[in-house]
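K.L.:
got a structure for you, letters missing:
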């Protein structure tokens, strides 16, 4: 997997991927609402997990891994709900872009969001406000931007990096700098064709 995403196979990256799989396996996401219709309370909750089963072989060093991999098969079984969700909402994410952005979580988050949003645009371009309660500044990343100008500069920098790996990215800041305008990527999806790869 480290090879697949062009990551170095040193101890730090290896440990991070092991810890990441453990965290994902243990993760459960809860969705719910609590409302008070007329005279009673409605509680509507659901929970969701990613994997049903995980069998992965890890080793302390390369020789031990090579020996183990001859007799053992790594297996991850996705939960039915998770599989159905990603199967219903497939988006054309480019593996090389994921590899290039693996060490930049903010830009990676923005790239995945742009691929999804542009793939789901149908007809007129989407105009996404940058600021306000429903703005991108409240949705992207974990950092709070105290100044609108700071977020706009960050977004401009991220957009430039995304366009370096996806030149036909159909997103641009509006002329007034208050919104991100996104056209459909259906004519030119984020994923490269086989001819482009070769």
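P.N.:
Received, thanks. All values derive from a computational prediction rather than experimental measurement.

K.L.:
once you drop chain neighbours, what's closest to the residue nearest the centre of the chain?
P.N.:
The residue lying closest to the centre of the chain (Cα atoms, centre = their mean) is residue 112, at 4.6 Å. Among residues not flanking residue 112 along the chain, residue 93 sits closest, at 6.6 Å (Cβ to Cβ, 6 or more residues apart in numbering). In short, each C-beta sits where N, CA and C put it, glycine included.

K.L.:
ok, residue 156 next?
P.N.:
residue 173 (6.6 Å).

K.L.:
so what's the residue count around that neighbour?
P.N.:
15 (other Cβ atoms under 10 Å).

K.L.:
that one against residue 180, yeah?
P.N.:
Yes - here residue 173 reaches residue 180: they are 6.1 Å apart, a contact under Cβ atoms under 8 Å.

K.L.:
what do these two both touch?
P.N.:
residue 155 (Cβ atoms under 8 Å, 6 or more residues apart in numbering).

K.L.:
if we can go back for a sec, distance check, the residue nearest to residue 156 against residue 181.
P.N.:
7 Å (Cβ to Cβ, to the nearest Å).

K.L.:
give me the low-pLDDT residue ranges for the protein?
P.N.:
34-40, 59-71, 141-146, 192-198 (pLDDT under 70).

K.L.:
next secondary structure after the longest helix belonging to it?
P.N.:
In terms of residue count, the longest helix belonging to the chain (DSSP state H) is helix 148-165. Helices and strands here follow DSSP states H and E; after helix 148-165, the next one along the chain is strand 171-173.

K.L.:
now for the first helix or strand past that next one going along the chain, which elements pack on it?
P.N.:
Remark: after strand 171-173, the chain's next helix or strand is strand 179-182, criterion DSSP H and E. Here strand 179-182 touches helix 105-120, strand 126-129, strand 171-173, going by 3 or more Cβ pairs under 8 Å, 6 or more residues apart in numbering; DSSP states H and E.

K.L.:
buried ones in strand 179-182?
P.N.:
For strand 179-182, a neighbour-count test (16 or more other Cβ atoms under 10 Å) marks 179-180, 182 as buried.

K.L.:
export these to CSV and tack on distance to residue 190?
P.N.:
Formatted as CSV, those follow (distance: Cβ to Cβ, whole Å):
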residue, distance to residue 190
179, 21
180, 16
182, 12
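
K.L.:
which one of the residues you listed is nearest residue 57?
P.N.:
residue 182 (42.2 Å; Cβ to Cβ).

K.L.:
tilt between the longest helix of the chain and helix 105-120?
P.N.:
70 degrees (axes from the mean of the first three to the mean of the last three Cα atoms, to 10 degrees).

K.L.:
ok, the residue nearest to residue 156 to residue 157 distance?
P.N.:
Applying Cβ to Cβ to residue 173 and residue 157 gives a distance of 12 Å.

K.L.:
one more: residue 134?
P.N.:
From residue 134 to residue 157 the distance is 23 Å (Cβ to Cβ).
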